[in-house]
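Student: Okay, predicted coordinates and the sequence, questions at the end:
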Amino acid sequence: MDELTIIPPRSGTAFELRKGQRLRVVDVQGEQVSDFVCFNRHDVAEYLSSGRTIDYAETIFLTTGHPFYSNRSNVMFELVEDTVGRHDFLLTPCSADTFRIIYGHEHPHRGCFGNLSEALAPYGISPDAIPICFNIFMHVTVDGETGKVGVLPPKSRAGDYVVLEATMDLIVGMTACSAEMSNNYAFKPIGYQLESEAHASAGQA
């Protein structure tokens, strides 16, 4: 197995994922969220859609076996392995505005939104094009009576992971989340691994 690539705390990255290729996302130390977003490699106007994915799945608790849809109702990837079973697809990426409005920071960090904006810029993706992310390992609750949203410590422990399989060529943006509440007030790295060229080719044969 190839070594993990590490996303340092409070930072982000972007890369290409081919159709049929798998991506493993690992919580290296535990209780760390990774904001994940993707775009059609051949037309970046097609992007990951929270609304369509949740609507078609009829649940906000997305896990193994669920397909994730684009704004054009095409499946972008499927979640094929999940050792945690609790993630979020409701809340927006944290940003400087998040820290200003929710946390009261006077000199806020740019957050996942800023990190994704920088990482995706070389692919021609502007900040305004970044949608709600699939927040891997994030533990969000919704009160069934009041609708109040809560952010709790992730259920993930060191070594927990998800595996996604792309169903189209993708541009992927990922972070090691920067928000205090989301990560139980400790900023940690995220690991990821793309399957090898040989493995990917064999899987498509």
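Tutor: Done, it's in.
Student: Just give me the residue closest to the centre of this protein.
Tutor: residue 36 (1.9 Å; CA atoms, centre = their mean).
Student: that's a helix at it, yeah?
Tutor: No: under DSSP: H, G, I helix; E, B strand; the rest coil, residue 36 sits outside any helix and is assigned strand.
Student: So, low pLDDT: which residues of the protein?
Tutor: Applying pLDDT under 70 to the chain flags the ranges 1-2, 196-205.
Student: which helix in it runs the most residues?
Tutor: If you go by DSSP state H, the chain has its longest helix at helix 111-120.
Student: tell me which strands and helices that one is in contact with?
Tutor: Judged by 3 or more CB pairs under 8 Å, 6 or more residues apart in numbering; DSSP states H and E, helix 111-120 is in contact with strand 12-17, strand 34-40, helix 96-101, strand 170-175. C-betas here are computed from N, CA, C, even on glycine.
Student: possible to save the ones you listed as a markdown table with distance to residue 138?
Tutor: Output for the helices and strands packed on helix 111-120, formatted as a markdown table (distance: least, CB to CB, whole Å):
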| stretch | distance to residue 138 |
| --- | --- |
| strand 12-17 | 15 |
| strand 34-40 | 8 |
| helix 96-101 | 13 |
| strand 170-175 | 11 |
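Student: Which of these sits closest to residue 81?
Tutor: strand 34-40 (14.6 Å; CB to CB).
Student: Count the neighbours of the closest residue in space to residue 122 that isn't next to it in sequence for me.
Tutor: Leaving out its chain neighbours, the residue that sits closest to residue 122 by CB to CB, 6 or more residues apart in numbering is residue 14, at 7.4 Å. Neighbourhood size, residue 14 [other CB atoms under 10 Å]: 21.
Student: Repeat that for residue 55.
Tutor: Applying other CB under 10 Å, we find 11 residues neighbouring residue 55.
Student: coming back round to it: the longest helix of the chain to strand 34-40, inter-axis angle?
Tutor: 40 degrees (axes from the mean of the first three to the mean of the last three CA atoms, to 10 degrees).
Student: Run through who's touching helix 111-120.
Tutor: 10-14, 35, 37, 39, 92-96, 98-99, 110, 126-127, 130, 133, 171, 173, 175, 177-179 (CB atoms under 8 Å, 6 or more residues apart in numbering).
Student: Now list the buried members of those residues.
Tutor: 10-14, 35, 37, 39, 92-96, 98-99, 110, 130, 133, 171, 173, 175, 177-179 (16 or more other CB atoms under 10 Å).
Student: Now do the strands in the protein.
Tutor: In the chain, the strands defined using DSSP state E lie at 5-7, 12-17, 22-26, 34-40, 43-47, 67-69, 75-82, 134-136, 139-142, 149-152, 161-166, 170-175, 190-194.
Student: which neighbours does the third one have in its sheet, and in what orientation?
Tutor: Read it as strand 22-26. strand 161-166 (antiparallel), strand 190-194 (antiparallel) (DSSP bridges).
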